[in-house]
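Participant: pasting the structure only:
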Ligand code: APR
């Protein structure tokens, strides 16, 4: 079976009602990223950070996967598909994709604030300040903040080297190390980019640009690949 690697970003969930990071005036839901998505922010004002992610979690739970998530899941009928996502929502899984690597964590889980390997499911949308991990430290959202390591990056890079075909959807490629993953895709592998605002990538060999929204561009591409 041919191996398809898909790298997705916030743009694939935009039409599910979840906002992207860089499409509006540098603010993220009205916050400066540094105030809510850094280890320093958690040290300074954990309640603010917790509330911020609780609100985001509520939005994720209320959102539904869109046609692009479903189209990628359908590719599994014919291909060996791995999705590497920068998104912290679970919309790929809810659309039926069964091999999803979350580079930046998953908002529906909590993690120990002293041991990143200890993660837990969250009941409902609210993670409370008094909830503790099995070591007794407070639980924080299971998301990778700016300035933190991205533990899954080497696995993701290795996966990219195995791609017979690569699809990039809805990411500005502004954030490293995720943005560097494209460079691991074999030179000759076809690479498709679906984004109304096509980002710049290093290798332009066998590159096909689809300057459309995810729900039209990914659906068309998936239909072609499945034909
Ligand atoms: N369909 C497809 N792409 C879209 C759509 C859509 N309907 N709407 C917007 N886009 C594209 C934009 O053109 C842009 O290229 O989605 C991309 C969103 O870019 P960013 O907001 O930078 O999101 P992303 O690339 O996922 O950000 C990477 O930055 O803040 C961190 O950790 C966070 O994982 C995130 C990382």
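Facilitator: Sure, I can see it. No experiment lies behind these values; they were computed from the predicted model shown.

Participant: Just the buried positions in the helix or strand bottoming out on mean pLDDT in the chain, please.
Facilitator: Least confident helix or strand, the chain: helix 33-36 with a mean of 88, by mean pLDDT, DSSP states H and E. Using 16 or more other CB atoms under 10 Å as the test for burial, helix 33-36 gives residue 36. All C-beta atoms are positioned from the backbone trio N, CA, C, and that covers glycine.

Participant: Give me the below-cutoff pLDDT ranges for the protein.
Facilitator: Along the chain, the parts satisfying pLDDT under 70 run over 24-27.

Participant: got the domain boundaries for it?
Facilitator: 1-18+65-104+150-227, 20-62+109-143 (automatic domain parsing).

Participant: Please enumerate the helices of the chain.
Facilitator: For the chain, the helices defined by DSSP state H occupy 11-14, 33-36, 39-44, 46-62, 67-74, 91-95, 153-161, 214-226.

Participant: looking at those, which is closest to residue 187?
Facilitator: Of all those, helix 153-161 sits nearest to residue 187, with 11.0 Å by CB to CB.

Participant: Give the buried residues for that closest one.
Facilitator: 153, 156-157, 159-160.

Participant: which other helices and strands contact the least confident helix or strand of the chain?
Facilitator: Secondary-structure packing of helix 33-36 (3 or more CB pairs under 8 Å, 6 or more residues apart in numbering; DSSP states H and E): helix 39-44, helix 46-62.
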